[in-house]
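All I have is the shape, not the residue letters:
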């Protein structure tokens, strides 16, 4: 389900190890801005037979956060 948008990224770096046999992942520290915000999603899992609960949780989250942005070709939902 939609969980918002992100426009800030920190690109990782991959320096070569001292023994020159592998690359090491290092968290990036330089802030970059994406030209267009990218969507972020969230997954909710449940046990068998709990589909209705997952739909209720997702609906409540979307209603509370207002993260949904209508696609240009479809327009807003009837309740928006």
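The structure has been received and is ready for your questions. Bear in mind the structure is a predicted one, so any value in this text is a computation, not a measurement. Numbering: from 1, shown residues only.

Which strand runs longest in this structure?
When the chain is parsed with DSSP state E, its longest strand is strand 31-41.

I'd like to know which elements that strand is packed against.
Applying 3 or more Cβ pairs under 8 Å, 6 or more residues apart in numbering; DSSP states H and E, we find strand 31-41 packed against strand 2-10. (Each C-beta comes from the backbone N, C-alpha and C, glycine too.)

State the distance from the residue in the chain sticking out farthest from the centre to residue 28.
Relative to the centre of the chain, the most outlying C-alpha is that of residue 19, 36.4 Å out, by Cα atoms, centre = their mean. Taking Cβ to Cβ, to the nearest Å as the measure, residue 19 falls 23 Å from residue 28.

With residue 52 instead?
41 Å.

Tell me the buried residues in the strand or helix carrying residue 64?
Using DSSP states H and E, residue 64 sits in helix 51-65. Counting neighbours by 16 or more other Cβ atoms under 10 Å, one finds that the buried residues in helix 51-65 are residue 61.

what does it contact?
By Cβ atoms under 8 Å, 6 or more residues apart in numbering, the surrounding residues in contact with helix 51-65 are 1-4, 42, 44-46, 68.

Please repeat the previous calculation with a cut-off of 7 Å.
By Cβ atoms under 7 Å, 6 or more residues apart in numbering, the residues outside helix 51-65 that reach it are 1-2, 44, 46, 68.

for the chain, which spans come out with low pLDDT?
For the chain, the stretches flagged by pLDDT under 70 are 75-77, 79-80.

Centroid-nearest residue for it?
Most central in the chain (Cα atoms, centre = their mean) works out to residue 40, at 1.7 Å.
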